[in-house]
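In: make a model of this:
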Amino acid sequence: MRNSFLGFMALALIFTSCNNNQNPFEIGKQHIGLLTDSTQVKDLKTIFGTDSIAQFISGDEFAGSKNSIEIFEKGGKKLLILTPKQALDSTSIIESIQIIDPRYKTAKNISTSSTFKQINNSYKISKINNLISSVLIRVNELNASFAIDKKELPANLRFDMGLKIEETHIPDDAKIKYFFINWNN
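Out: Numbers count the residues shown, from 1 in each chain. The predicted model follows:
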């Protein structure tokens with residue numbers, strides 16, 4: 001009887017210690033909530049079982065080769081935009097995720113409602129790209145890119161595409177326009 005009880009307790013301890021409750025809004029280098037860098041399109045219905053999944057299917061050659069998959073809460077609030085590596089393939093893995101909802105946060109509390117100062121204080125900036133209407137800030141530690149609208153920059157930096165934008169050029173209170181995680185490696 002005693003051995004049965006000890007065996008039961010050991011088994012219960014193993015099951016409870018293996019219970020790893022993943023935060024559905026946590027962003028890491030290789031995961032966003034329950035999504036991982038190896039998640040296939042066919043797994044999305046299981047992962048987002050209580051949410052709505054909308055997939056754009058292109059009908060002509062002008063729409064491009066990638067099909068975005070939008071994830072909405074049941075109430076209609078957009079959470080994420082996923083891009084699979086291969087269009088129209090249920091076994092394709094997710095290549096990139098655009099974060100929409102500010103509840104999605106990194107371990108260092110960065111979300112879509114963060115500022116440049118918060119990103120700069122939390123992560124090492126790997127690269128800054130000067131785009132037409134945005135500045136793209138790359139953080140390799142997360143496989144993340146943060147876009148800041150050029151309207152957030154001083155007027156003399158907004159229109160020169162050849163200008164090398166440095167960290168010191170971006171105001172601390174510049175807001176994130178959007179950000180995404182890229183798993184194309």
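
In: can you give me the helices in this protein?
Out: Using DSSP state H, the helices of the chain run over residues 2-18, 44-47, 116-122.

In: low-scoring stretches of this protein, by residue?
Out: 1-20, 56-66, 185 (pLDDT under 70).

In: and if we set it to 50?
Out: Scanning the chain for pLDDT under 50 picks out the ranges 5-19, 60-61.

In: now do the end-to-end distance for stretch 147-157.
Out: Stretch 147-157 has an end-to-end distance of 15 Å (criterion: Cα to Cα, to the nearest Å).

In: check stretch 151-166 too.
Out: Chord length of stretch 151-166, first to last residue, is 16 Å (Cα to Cα).

In: swap in stretch 148-166?
Out: End-to-end span of stretch 148-166 (Cα to Cα): 13 Å.

In: just the buried positions in that stretch, please.
Out: Buried residues in stretch 148-166, defined by neighbour count with 16 or more other Cβ atoms under 10 Å: 148, 150, 152-153, 157, 165. Bear in mind the C-beta positions are built from the backbone N, C-alpha and C, glycine included.

In: swap in stretch 140-149?
Out: 142-148.

In: again, but for stretch 127-136
Out: Neighbour-count burial for stretch 127-136, counted by 16+ other Cβ under 10 Å, picks out 128, 130, 134-136.

In: again with stretch 110-125
Out: So for stretch 110-125, counting by 16+ other Cβ under 10 Å, buried means 110-112, 114-116, 118-119, 122-123, 125.

In: out of those residues, which comes closest to residue 67?
Out: Distance to residue 67 across the buried residues of stretch 110-125 (Cβ to Cβ) is lowest for residue 112, with 23.1 Å.

In: what sits against that closest one?
Out: Shown in contact with residue 112 (Cβ atoms under 8 Å, 6 or more residues apart in numbering): 99-102, 104, 176, 178-179.

In: can I get the buried part of the residues you listed as one PyMOL selection?
Out: Listed next is the PyMOL selection for buried residues among the contacts of residue 112, using 16+ other Cβ under 10 Å:
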select buried, resi 99+100+101+104+176+179
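
In: identify the farthest-apart pair in the contacts of residue 112.
Out: Within these, 101 and 176 form the most distant pair, 12.8 Å apart (Cβ to Cβ).

In: and the strands in this structure?
Out: Secondary structure of the chain by DSSP state E: the strands cover 26-27, 31-32, 35-36, 52-55, 69-72, 78-84, 94-99, 105-106, 127-130, 134-139, 144-149, 178-182.

In: this completes my enquiry, with thanks.
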